[in-house]
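> This is a predicted model, with the sequence first.
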Amino acid sequence: MLLAWIFLILAILTEISGVSVMKLLSQNGGATGYLVMYVCIALSYVFLGFAVKRIAVGVAFAMWEGIGIVLITAISLLIFKSTLSTQELVGLGLAVVGIAMINAGEASPTAPEEDKACR
């Protein structure tokens, strides 16, 4: 199970790397940023595919997207000097709460009937 979480972390990191590099390199008008983005996003999906072998696909996808959005936004604020409205900040806060709730739900034990139905 630990390996699945490592793959999920790698999926998140390659996603945010791809989007961040795309933004950075595409500012100069070159296509290199897009090529790097495509490679990183493709790797991200490969890692996500390995992660969902052991983590529920809904949980893995929600965490991949949610954590990715939060980290990409943080990079955008810190590196690219973007600004956020109050509504956007509230939305990100709700995303963080949602991620925490999804993760907490994944950790809770399931009833034997539910466990058998998932197999």
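Everything's here; your move. Numbers count the residues shown, from 1 in each chain.
> only C-alpha atoms for contact and neighbour calcs from this point on.
Fine.
> residue contacts, the closest residue to Val46 other than its chain neighbours?
Of all residues not flanking Val46 in the chain, Ala11 sits nearest, at 7.6 Å (CA to CA, 6 or more residues apart in numbering). By CA atoms under 8 Å, 6 or more residues apart in numbering, the contact set of Ala11 is Leu43, Ser44, Tyr45, Val46, Phe47, Leu48, Trp64.
> do Thr73 as well
By CA under 8 Å, 6+ apart, the contact set of Thr73 is empty.
> before we move on, what about Ser26?
Contact analysis of Ser26 by CA under 8 Å, 6+ apart lists Thr32, Gly33, Tyr34.
> Could you give the backbone dihedrals for it?
Backbone geometry at Ser26, expressed as degrees, to the nearest 10, gives phi -80, psi -10.
> ditto for Ala56
Ala56 has phi and psi values of phi -50, psi 140 when expressed as degrees, to the nearest 10.
> Can you give me the neighbour number for it?
Here the number of neighbours of Ala56 (other CA atoms under 10 Å) works out to 12.
> Now do the helices in the protein.
Assigned by DSSP state H, the chain shows helices spanning 2-26, 32-51, 57-78, 86-107, 112-117.
> May I see these organised as JSON lines, with mean pLDDT added?
Shown next, in JSON lines, are the helices of the chain (pLDDT from 0 to 100):
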{"stretch": "helix 2-26", "mean pLDDT": "92"}
{"stretch": "helix 32-51", "mean pLDDT": "91"}
{"stretch": "helix 57-78", "mean pLDDT": "89"}
{"stretch": "helix 86-107", "mean pLDDT": "84"}
{"stretch": "helix 112-117", "mean pLDDT": "47"}
